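J.: Sequence first, predicted coordinates after that:
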Number of protein chains: 2
Amino acid sequence: MIDIKSPVLLVNKKIASQNIDRMLEKANRSDVIFRPHFKTHQSAEIGELFRRKGVDKITVSSVTMAQFFAGKGWNDITIAFPLNILELETINTLASQIKLNVLVESAFVAEKLARIANTELGIFIKIDTGYHRTGLLPSQTIEIESIINVLEHSSLLHFKGFLTHAGHTYHARSKQEIIQIKASALADLQQLKERYKSRFPDLILSYGDTPSCSQTDDCNGFDEIRPGNFVYFDVMQYHLGSCSLADIAVAVACPVVAMHPEREEAVIYGGAVHLSKEFIAADNGFRLYGYIVKINTDEKWGTPLTGAYVSSLSQEHGIVKLPKTELKSLEPGDLLGVLPVHSCLANNLLKGTQFYI
Amino acid sequence: MIDIKSPVLLVNKKIASQNIDRMLEKANRSDVIFRPHFKTHQSAEIGELFRRKGVDKITVSSVTMAQFFAGKGWNDITIAFPLNILELETINTLASQIKLNVLVESAFVAEKLARIANTELGIFIKIDTGYHRTGLLPSQTIEIESIINVLEHSSLLHFKGFLTHAGHTYHARSKQEIIQIKASALADLQQLKERYKSRFPDLILSYGDTPSCSQTDDCNGFDEIRPGNFVYFDVMQYHLGSCSLADIAVAVACPVVAMHPEREEAVIYGGAVHLSKEFIAADNGFRLYGYIVKINTDEKWGTPLTGAYVSSLSQEHGIVKLPKTELKSLEPGDLLGVLPVHSCLANNLLKGTQFYI
């Protein structure tokens, strides 16, 4: 029994391992490179879990994270974030130590990079397949060609392929819509591959996002997948249909500090600085910041308590709605577990407090 | 010129100092103890700014924060969070070193505390004056009396008074409503004082929250005020009417990493892990995660750019809506400043990256 006195992130490694196995099996079956995104866990220990299963290529979302994992022996890393030219010095240093890929989405940045790069770098061109956050539209052929021209004239910058993140799957209303988004992204990327494969026979089509990669049967047609969240999953993914509740590998253990049976609430030490303010909304202003589970003596947890959820968060406080029957068996000093709405953000806030069980 | 390469929190000490002066003057004029909440800044340096102005009593929201500030020489601290009995050992240690006050809202917790406390502790009873997050209603006289009985039978626990946080001012629709909430809280607390002042002639009525303390002319009637956010303010407080835009003392400096003029957007390195997912909502799904300012060469900033705001956040990305005229003068590698919606949460995420200017 761990001596928990304040909010900590419990990570069930058995569940995480099963989640990895399932995605790895799908990647292998689809004959694609598996380059999982490590921004969800940011953990050397979970990294080892992947490594022991044969994974040796990873994705991260910042230069700092790339430095961290390079320090843990990972030597093939893609930074899946539009290249920040202010960090070119650090990128140069890192790229002299490991195989590093970065993302470019304009000739302007490609040219800056070509002037400053002093070591070999892999370059993916970021393509916008409908999410409209970053990247070039497949139809922006002139800009794409300009970037490729810059890369072809550089002896250090190597064009690796086209990368997309279909983040609009997070707004999909059905599995059918997710399947459709993935099919459309594949068509976009394959069209680009057709155009460039004679010049770049090894070019890679790299695809991300947990909803797509979890909810469809295979990843055929792509060359690489980069899902991340699937290792832990969360309530958001459950709502999207990407996982079952039993697949959620993390819970935030929170001390109960006060009871308000008259409004069927308990107050926990566990707020926005532990869980993040990510929520799931419903009608009439209803917000859900997490499901509630009981923490067993072995730090494992069961299925969420029916009718129980985190209804609001302050900086350090969480308000938990609990049926009266559950409230009766609870008192200040007990622990409740919160299945977070967004495991990436909760994990980022609770870095340094993880307990791997 | 600071060499900024990734998101950092710029703290304008001159503005913060003015904000402190204004609140301190109001506290002095109202003849109340000024015990500012340090959860907003969590900063030894901003703490010094308060100390140089004569402040020697502070509020924090966690035991960890109390330990931090005790280590910086603060020796009169109230932890304004329902006492977490799992942390009693640490609280005992801390209370043996400094004057420490904690919050209790049930006889159950008071009894646990009375059994375990081995050093003197100040106790405030938390009163719910309408926010309905924590605390006892003023009408729960039996529970209040039970707590006081426990304290009277302890030689170490000293009843200090009644404390409330009128957090419902954050949902107020007008200054008039905020004035009304404060008046109602004062009436509630004074009624309790009337009942107990003969037994406890020194009992303190402690009141919090930045909207109330900023937007009303004085704090007469209370004995102590604990606002916190006012030191930095933020876009939320501006929207509530607590401050002008020029009073906001913090901006998050973020590198521009991509441009999308076709949809009047720039992409910044600055996401949910830097700004938090706190937003201001309007009709039709509109969300605002921060206003945009230009960062000058001295790291100061001007008024927000008209029509510019952060419209969405991913883990590391921010999407900035910018008028075409502003986009024209911008390129990747430039910095934009974001006035955060909630400075407490942004500051918590950016601890360790502050630049005091």
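T.: Right, received. Where do you want to start? Residues are numbered from 1 along each chain as shown, chains lettered A, B, ... in the order given.
J.: and the gap between residue A:262 and chain B?
T.: According to Cβ to the nearest Cβ, to the nearest Å, residue A:262 and chain B sit 9 Å apart. (Glycine included, C-beta is placed from N, CA and C.)
J.: what about that residue, distance to residue A:178?
T.: 43 Å (Cβ to Cβ, to the nearest Å).
J.: Which residues of the stretch 151-300 of chain A lie near chain B?
T.: For the stretch 151-300 of chain A, the residues in contact with chain B (Cβ under 8 Å from any Cβ of the partner chain) are A:167, A:255, A:257-260, A:263, A:267, A:269, A:272-273, A:276-278.
J.: Tell me which of those residues has the lowest pLDDT.
T.: Ranked by pLDDT, these bottom out at residue A:167, which has 92.
J.: I figured that residue hits residue A:209, correct?
T.: Yes - with contacts counted by Cβ atoms under 8 Å, residue A:167 reaches residue A:209, the gap being 6.2 Å.
J.: Who has more neighbours out of these two?
T.: Neighbour count, other Cβ atoms under 10 Å in any protein chain shown: between residue A:167 and residue A:209, residue A:209 has more, with 27 against 20.
J.: For chain B, see how far away the more buried one is.
T.: Residue A:209 is 12 Å from chain B, by Cβ to the nearest Cβ.
J.: so what's that residue up against?
T.: Listed by Cβ atoms under 8 Å, 6 or more residues apart in numbering or on different chains, the contact partners of residue A:209 are A:165, A:166, A:167, A:169, A:170, A:227.
J.: What is the nearest of those to chain B?
T.: residue A:167 (7.2 Å; Cβ to the nearest Cβ).
J.: So the closest residue to that closest one other than its chain neighbours versus residue A:309, what's the distance?
T.: Of all residues not flanking residue A:167 in the chain, residue A:131 sits nearest, at 4.2 Å (Cβ to Cβ, 6 or more residues apart in numbering or on different chains). Computed with Cβ to Cβ, the distance linking residue A:131 and residue A:309 is 29 Å.
J.: Neighbour count: the two, which is higher?
T.: Ranked by neighbour count (other Cβ under 10 Å), residue A:131 and residue A:309 place residue A:309 first, with 22 against 19.
J.: surely the more buried one meets residue A:319?
T.: No - in this structure, residue A:309 is not within contact of residue A:319 by Cβ under 8 Å, at 9.8 Å.
J.: which stretches of the stretch 51-200 of chain A form helices?
T.: Taking DSSP state H, counting those that start in this stretch to define them, one finds helices in the stretch 51-200 of chain A at A:63-70, A:88-95, A:107-116, A:141-152, A:175-196.
J.: So which of those is nearest residue B:58?
T.: Among the helices of the stretch 51-200 of chain A, the nearest to residue B:58 by Cβ to Cβ is helix A:63-70 (32.1 Å).
J.: That closest one relative to helix A:88-95, how many degrees between them?
T.: Using axes from the mean of the first three to the mean of the last three Cα atoms, to 10 degrees, one finds that helix A:63-70 and helix A:88-95 are set 20 degrees apart in direction.
J.: next one: helix A:63-70 to chain centre, how far?
T.: The chain centroid and the centroid of helix A:63-70 are separated by 16 Å, computed with Cα atoms, centre = their mean, to the nearest Å.
J.: helices and strands around that helix, which ones?
T.: helix A:44-52, strand A:58-60, strand A:76-82, helix A:88-95 (3 or more Cβ pairs under 8 Å, 6 or more residues apart in numbering or on different chains; DSSP states H and E).
J.: Rebuild these as a markdown table, extending it with mean pLDDT.
T.: Formatted as a markdown table, the helices and strands packed on helix A:63-70 follow (pLDDT from 0 to 100):
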| stretch | mean pLDDT |
| --- | --- |
| helix A:44-52 | 98 |
| strand A:58-60 | 98 |
| strand A:76-82 | 98 |
| helix A:88-95 | 97 |
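J.: Turn those into a markdown table, including mean neighbour count and distance to residue A:246.
T.: Formatted as a markdown table, those follow (neighbours: other Cβ atoms under 10 Å in any protein chain shown; distance: least, Cβ to Cβ, whole Å):
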| stretch | mean neighbour count | distance to residue A:246 |
| --- | --- | --- |
| helix A:44-52 | 17 | 18 |
| strand A:58-60 | 25 | 26 |
| strand A:76-82 | 24 | 29 |
| helix A:88-95 | 18 | 38 |
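J.: What segments of the stretch 101-250 of chain A are strands?
T.: A:121-126, A:157-164, A:204-207, A:224-225, A:250-260 (DSSP state E, counting those that start in this stretch).
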